[in-house]
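Visitor: Return atomic coordinates for the entry below.
(4 chains)
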There are 2 protein chains.
Amino acid sequence: MTIDQVAAAVGVNRSSVSRAFSRPEMLSPETVARIREAAEKLGYTPNHSARALSTGRHGNLALVVPDVANPFFPPMIRSVQNEADHQDYCVFLGNSDEDPRQEEKLLGRFSGQVEGIVLASPRLSDERIRAFAEVKPLVLINRDVAGIPRVLIDSGSGVAEAVAYLAQQGHRRIAYVSGPSSSWSNKQRRAAVKKTAAELDLDVITMAAQVPSYEAGQRAVSFVLEGGATAAVAFDDLTAQGMLAEFRERGVRVPRDVAVVGCDDVVGATTYPALTTVSNRAGEAGQIATRLLLDIMTTRAVHDVRYVLETHLVVRETTAPAAANRRQG
Amino acid sequence: MTIDQVAAAVGVNRSSVSRAFSRPEMLSPETVARIREAAEKLGYTPNHSARALSTGRHGNLALVVPDVANPFFPPMIRSVQNEADHQDYCVFLGNSDEDPRQEEKLLGRFSGQVEGIVLASPRLSDERIRAFAEVKPLVLINRDVAGIPRVLIDSGSGVAEAVAYLAQQGHRRIAYVSGPSSSWSNKQRRAAVKKTAAELDLDVITMAAQVPSYEAGQRAVSFVLEGGATAAVAFDDLTAQGMLAEFRERGVRVPRDVAVVGCDDVVGATTYPALTTVSNRAGEAGQIATRLLLDIMTTRAVHDVRYVLETHLVVRETTAPAAANRRQG
DNA sequence: GCTTGACATGCAACCGGTTGCATGAAAACG
DNA sequence: CGTTTTCATGCAACCGGTTGCATGTCAAGC
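Guide: From the prediction side, this is the model:
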């Protein structure tokens, strides 16, 4: 069902049918009604490709993430979708599998049929990112490239709060259980732990970098106990969850014997005890990035935005005063 | 950079440039090389819309799910993407928010620019689904509509195993905490509970349908306790997790006082106590559905496929013999 | 040596919309 | 009542590819 068939049915020119949908104010209300009615009856839908071809507008966005299945991203995906939906945009989702080449491939495939791109935690080099940003409006999440609009989640601020909170509760020696050494977030978090601890005159022991997982958390427990720490800050919630399980396994009570803090707040209050952690704000980041993108797309003006989302400590039940520990000794 | 500019640069007709990419065997190898070289140098990329307009092929698929953030779906999304990627397709992702109208809207938006659709756990009516399936190749996941290719995760088999296991452990009265009434999975699970219970001569109480969530699980606890059930089967893991928390809150011990079984195995062994649940196979379902779709798209033949993936009970620590309950009475 | 065929390339229509400009009729103006 | 303005609609070019058919060339076949 094409525009010409509708035009023929109504007895008007194709341009009138086109305008009945895209510029109804140009036509008499009566004609608009007649055309729309006929279109409705005939089941006419404007052809997306034809429209995109002549207008250059596709009505699509692309979102590329390293790993859909990582619980950090789904809330972000959701809010990007939601925001795009409000403006009638469709969203392509790409999963780069943490691989820069796959990321490049996806961006190439998408760029021909989208107005803008949200690129989350990219693995690509700065140069390549810049190259894509020159061709299409592009907003970064969790990557700091000067000149390209970016939304950064500063987990350091929340981790610093966590350390300060632990200090205030009387903990003098805390452990940081690292994530992957190549991770920007890990660097950020570890630095925040060390800096805050130094300021507050606390001892810090740091466990070697590892791929974050439930099992990694379990393995970290020995390190914490043997290191004599009374509190542990884990790279992420999954690691913290593994630690919780292993502490329980060994009869070490949390938070009475040892305090545990996670990071990213992806498990909510669903652990037992409910995990004290650092908020993630991934959903907000997605929302802000998308709004930024839509704004750039409409105004065509690229401002050098660097939007930083601070994170905060979310106190639940895996932290308690260190004083309690002394009872056991 | 258009095809004409490349043609002019090389001194050939636009059709030769077109063929250099889509039908190189029609041209002399030398011409193909010359054209490709020039195109490369000029940075020419075929215009996606123009190609789609004249060929009717977009190279896109759509995947619509009720809730991206529901941990059941990310593995499925991931495998659909992966499978699509192998055949150079881009994937639109839609989030229906469990709302049939939103689902309809998304399908309408997508259908103009995709070759096929994977529709997971749709909330739409059979008629609407059929209507869309008539227009575009469409494969369903977790919805059983005759005549439309579908991949079904038979959680019924696993749930039946669960009920049999509970019966074997001495439970005589069990509760089923429902999911959304429009959900095919919910119907299936509830039916499996009722059927197996009837066969084994158990009592069943069923809690009214609801949107599955942690909070819904918390609210379900009163129903279970007041209903006098000694075991509960929840619609999904998230609901079960909420129940676990609320039971703990009320001083009801799991599994000693009451047994809890989840469904979908999305939280693994990370709850406390580790949740007994039913395996999900969502990733496999996504992969199979996408292969089926791609197959239909290429062969243009719609076979009435009904692919069933059986599930199984995964016993962990939230189930125990009912005999333990008597001690408290 | 002339015909036939194979093969490489060009021509032009087509996909289905959008849009600047032209046209014609009715309304407003003097 | 004639002229100008306004407004609704039509015309035709254009977006950038694809593709059936026509054309021209050169080699093989008789």
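
Visitor: Mean confidence (pLDDT) on stretch A:228-236, please.
Guide: The pLDDT scores in stretch A:228-236 average 96.

Visitor: what does it contact?
Guide: For stretch A:228-236, the surrounding residues in contact (Cβ atoms under 8 Å, 6 or more residues apart in numbering or on different chains) are A:159, A:162-163, A:166, A:171-179, A:185-186, A:189, A:193, A:203, A:205, A:212, A:217, A:220, A:224, A:240, A:243, A:258-264, A:266, A:319, A:322, A:325. Yep, even glycine has a C-beta here, placed from its N, CA and C like the rest.

Visitor: okay, stretch A:252-271 in CSV with CA atoms only?
Guide: Written as CSV, here are the backbone C-alpha positions of stretch A:252-271 (Å, rounded to 0.1, in the frame of the first residue of the first chain):
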residue,chain,number,x,y,z
VAL,A,252,32.2,-15.4,60.7
ARG,A,253,29.2,-13.2,61.4
VAL,A,254,28.5,-10.1,59.2
PRO,A,255,28.3,-7.3,60.4
ARG,A,256,29.2,-8.3,63.9
ASP,A,257,32.6,-9.8,63.2
VAL,A,258,33.4,-8.1,60.0
ALA,A,259,31.8,-5.4,57.9
VAL,A,260,31.3,-5.7,54.1
VAL,A,261,30.6,-3.0,51.6
GLY,A,262,29.8,-3.8,47.9
CYS,A,263,29.7,-1.5,44.9
ASP,A,264,27.2,-0.8,42.1
ASP,A,265,24.1,-1.6,44.1
VAL,A,266,22.9,-4.2,41.6
VAL,A,267,21.5,-6.7,44.0
GLY,A,268,19.4,-4.2,46.0
ALA,A,269,18.3,-5.4,49.4
THR,A,270,18.1,-9.0,48.2
THR,A,271,21.1,-10.4,50.0
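
Visitor: For chain A, just list every one of the strands.
Guide: A:60-65, A:90-95, A:116-120, A:138-141, A:150-154, A:173-177, A:203-207, A:231-234, A:259-261, A:277-278, A:306-310, A:313-314 (DSSP state E).

Visitor: From the contact counts, what lies against the last one?
Guide: With contacts defined as 3 or more Cβ pairs under 8 Å, 6 or more residues apart in numbering or on different chains; DSSP states H and E, the packing partners of strand A:313-314 are helix A:155-168, strand A:277-278.

Visitor: Test my guess that residue A:109 contacts residue B:90.
Guide: Yes - look at residue A:109 against residue B:90 with Cβ atoms under 8 Å: they come within range, at 5.4 Å.

Visitor: circling back: of the contacts of stretch A:228-236, keep whichever come out buried.
Guide: Neighbour-count burial (16 or more other Cβ atoms under 10 Å in any protein chain shown) applied to the contacts of stretch A:228-236 gives A:159, A:162-163, A:166, A:171-179, A:185-186, A:189, A:193, A:205, A:212, A:217, A:220, A:224, A:240, A:243, A:258-264, A:266, A:319, A:322, A:325.

Visitor: Of these, which ones also sit close to DNA strand C?
Guide: Filtering the buried ones among the contacts of stretch A:228-236 for proximity to DNA strand C by Cβ under 7 Å from any atom of the strand leaves nothing.

Visitor: Can you pull the residues of chain A lying near DNA strand D?
Guide: Checking chain A against DNA strand D by Cβ under 7 Å from any atom of the strand, the hits are A:11-16, A:19, A:26-28, A:30-31, A:50, A:53-54.

Visitor: which of these come close to chain B?
Guide: Counting by Cβ under 8 Å from any Cβ of the partner chain, A:50, A:53 from the residues of chain A next to DNA strand D sit close to chain B.

Visitor: Tell me, how many residues neighbour the nearest residue to residue A:69 once chain neighbours are set aside?
Guide: Distances taken as Cβ to Cβ, 6 or more residues apart in numbering or on different chains place residue B:74 nearest to residue A:69, at 4.3 Å, with adjacent residues excluded. By the criterion of other Cβ atoms under 10 Å in any protein chain shown, residue B:74 has 25 neighbours.

Visitor: quick one: contacts for residue B:74?
Guide: Residues in contact with residue B:74 (Cβ under 8 Å, 6+ apart) are A:68, A:69, A:71, A:73, A:74, B:68.

Visitor: now do residue A:310
Guide: A:154, A:157, A:158.

Visitor: do the same with residue A:266
Guide: With the criterion set at Cβ under 8 Å, 6+ apart, residue A:266 makes contact with A:71, A:72, A:236, A:237, A:238, A:280.

Visitor: Tell me which of the helices and strands packed on strand A:313-314 lies nearest to chain B.
Guide: Chain B sits nearest to strand A:277-278 of all those, at 14.0 Å, using Cβ to the nearest Cβ.

Visitor: tally of neighbours for the residue nearest to residue A:313 when sequence neighbours are not counted?
Guide: In space, and not counting its chain neighbours, residue A:313 is closest to residue A:161: 4.1 Å by Cβ to Cβ, 6+ apart. By other Cβ under 10 Å, the residues close to residue A:161 number 21.
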